[in-house]
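Trainee: this is a predicted model, with the sequence first.
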Amino acid sequence: MRLPPFQALVDAHAAELHRFLAGFVGPHDAEDCMQETFIAALRAYPRLVHGENLRAWLYTIARRKATDLARARSRRPSEPMDGLAPDAEPRIEPIEAADDGLWVAVRRLPPKQRAALVHRFVLDLDYRAIGERMATSEEAARQNVSAGLRRLRKEMDR
Amino acid sequence: MSELERRLAGGPVPALDGQRLADDLSRRATAEGLLDVAYGTMDSPLGELLVAVTPRGLVRLAYDDEAVEDEVLAELAERVSPRMLRAPERTDAVRRELDDYFAGRRRDFVTPVDWSLVSGFAANVLRATARVPFGSVTTYRDVADAAGSPRAYRAAGNALGSNPIPIVVPCHRVLHAGGGLGGYTGGLDRKRRLLRLEGAIG
């Protein structure tokens, strides 16, 4: 399959990707993170061998950029994600005044659980669609969502 | 749905400033040498035009009829580079020259041309055509001759018919030897109007 003009990717995915990143890294950093994502994608784009599942490819880059951003703000290393750059504890800011720590807790979740939760609830996607964006099976998406919820409940009850 | 799920669903819904995203993206992509094809559209007396430029120059100009835009952009992605962004500001120099041309303030285009989309005999024909001055006309046979094959006037006609940069590479100035208008990518009405604008026909 031929690669579509890069602009077509931006047109098709920018709005959803922005909402994803707002949940994943917070609204303050979402725009920067998206910019970094598209620049990195544009750099690698001509080397892609096919144009299949470009959305999953973009989301992989976005999660990595979010992780880079968090790492840049913290020296504390943590477990690697999918062989991508290791995640770190992000500098977390409350999203709104009424935030009782929910989104702070969300952003302390392991990246996969966090990504799955944001896809499921902020973007209101079903498990198949989440699997597509995370390049995992529907079942893995379901497990990440329920594990994320369990962990989040424990955090919030503390 | 649990209370927790409800609150997650009510999570951040930020407004995306699409224009700022586009501006920042094209600025950074340009600065980092990642923008191979920038494009935009413009209004003209002959209808909307699609203008595409590379760092080397104007690579494509198309009459934007019946949503040919997707087709033109897909061809650029395949034949030039898929690193393409809608970045009209990068086409400003070309658009200004075209505005001036249509307003009768300009006879020659000085914007550099990127010939990436043409090769072989067609490229020779189009380069010969690019030398035909404002206000004058020539024949298919003459441009074939200038391209090195006087007998290949049919091939010359085909090359002109698939001119990727009409107006600026003035294929409208090439007519039949007998005086007939011949053909034109954008339709004969446009050919006639361009020749009239240049004072080549009455």
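Mentor: Received, thanks.
Trainee: how about the most centrally placed residue in chain A, phi and psi?
Mentor: Taking Cα atoms, centre = their mean, the centroid of chain A lies closest to A:Arg63, which sits 4.1 Å from it. Torsion angles at A:Arg63 (phi, psi; degrees, to the nearest 10) stand at phi -60, psi -40.
Trainee: please list all residues in contact with B:His176.
Mentor: B:Thr139, B:Tyr140, B:Gly182 (Cβ atoms under 8 Å, 6 or more residues apart in numbering or on different chains). Bear in mind the C-beta positions are built from the backbone N, C-alpha and C, glycine included.
Trainee: quick one on the thing from earlier: looking at it, the residue nearest to the centre of chain A is touching A:Arg114, isn't it?
Mentor: No - using Cβ atoms under 8 Å, A:Arg63 is not in contact with A:Arg114; the gap is 9.0 Å.
Trainee: anything in contact with each of these two?
Mentor: A:Phe24.
Trainee: what number of residues lie near residue 58?
Mentor: Since no chain was named, I'll use chain A. Other residues near A:Leu58 number 23, with proximity taken as other Cβ atoms under 10 Å in any protein chain shown.
Trainee: wait, chain B was what I had in mind.
Mentor: There are 24 residues near B:Leu58, going by other Cβ under 10 Å.
Trainee: show me what from chain A comes close to chain B.
Mentor: Counting by Cβ under 8 Å from any Cβ of the partner chain, chain A comes close to chain B at A:2-8, A:10, A:14-15, A:18-19, A:22-23, A:26-27, A:30-31, A:34-35, A:38-39, A:42-43, A:45-46, A:95, A:102-103, A:106, A:117-118, A:120-122, A:124, A:149, A:152-153, A:156.
Trainee: about what we covered before: pull up the gap between the residue nearest to the centre of chain A and A:Ala135, please.
Mentor: Noted for A:Arg63: a distance of 10 Å to A:Ala135, by Cβ to Cβ, to the nearest Å.
Trainee: and the spatially closest residue to B:Gly11 that is not a sequence neighbour, what pLDDT?
Mentor: Leaving aside its sequence neighbours, B:Gly11 sits nearest to A:Val122 (Cβ to Cβ, 6 or more residues apart in numbering or on different chains; 4.3 Å). Predicted confidence (pLDDT) at A:Val122: the value is 91.
Trainee: kindly report the same for B:Gly135.
Mentor: pLDDT for B:Gly135: 95.
Trainee: look up how far B:Ala156 lies from the closest residue in space to it that isn't next to it in sequence.
Mentor: Nearest non-adjacent residue to B:Gly135, counting by Cβ to Cβ, 6+ apart: B:Glu198, 4.7 Å away. From B:Glu198 across to B:Ala156, the span is 21 Å (Cβ to Cβ).
Trainee: the more surrounded of these two?
Mentor: Ranked by neighbour count (other Cβ under 10 Å), B:Glu198 and B:Ala156 place B:Ala156 first, with 29 against 19.
Trainee: which strand or helix spans that one?
Mentor: helix B:153-161 (DSSP states H and E).
Trainee: low-confidence ranges in the chain?
Mentor: You didn't pick a chain, so chain A it is. For chain A, the stretches flagged by pLDDT under 70 are A:1, A:75-100.
Trainee: that was the other one, I meant chain B.
Mentor: B:66.
Trainee: in terms of helix, strand or coil, where does the spatially most central residue of it fall?
Mentor: Centroid-nearest residue in chain B, with Cα atoms, centre = their mean: B:Leu61, separated by 0.8 Å. Assigned by DSSP: H, G, I helix; E, B strand; the rest coil, the conformation of B:Leu61 is strand.
Trainee: now secondary structure and distance to chain A too, for the contacts of B:His176, in JSON lines please.
Mentor: Converted to JSON lines, those look like this (DSSP: H, G, I helix; E, B strand; the rest coil; distance: Cβ to the nearest Cβ, whole Å):
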{"residue": "B:Thr139", "secondary structure": "strand", "distance to chain A": "38"}
{"residue": "B:Tyr140", "secondary structure": "helix", "distance to chain A": "34"}
{"residue": "B:Gly182", "secondary structure": "coil", "distance to chain A": "33"}
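Trainee: most neighbours, which of those?
Mentor: B:Tyr140 (23 neighbours).
Trainee: contact partners for that one?
Mentor: B:Tyr153, B:Arg154, B:Ala156, B:Gly157, B:Leu160, B:Val174, B:Leu175, B:His176, B:Ala177, B:Gly182.
Trainee: switch the cut-off to 6 Å
Mentor: When contacts are counted by Cβ atoms under 6 Å, 6 or more residues apart in numbering or on different chains, B:Tyr140 touches B:Tyr153, B:Ala156, B:Gly157, B:Val174.
Trainee: what is the neighbour count of the closest residue to the second one other than its chain neighbours?
Mentor: What that stands for is B:Ala156. With sequence-adjacent residues excluded and distances taken as Cβ to Cβ, 6+ apart, B:Ala156 is closest to B:Ala144, at 3.9 Å. If you count neighbours by other Cβ under 10 Å, B:Ala144 ends up with 25.
Trainee: contact partners for B:Ala144?
Mentor: B:Ala144 is in contact with B:Pro150, B:Ala152, B:Tyr153, B:Ala156, counting by Cβ under 6 Å, 6+ apart.
Trainee: where does B:Pro45 land in three-state SS?
Mentor: Applying three-state DSSP: B:Pro45 is coil.
Trainee: sorry, slip of the keys, the one I care about is B:Thr111.
Mentor: When the rule is three-state DSSP, B:Thr111 gets the label coil.
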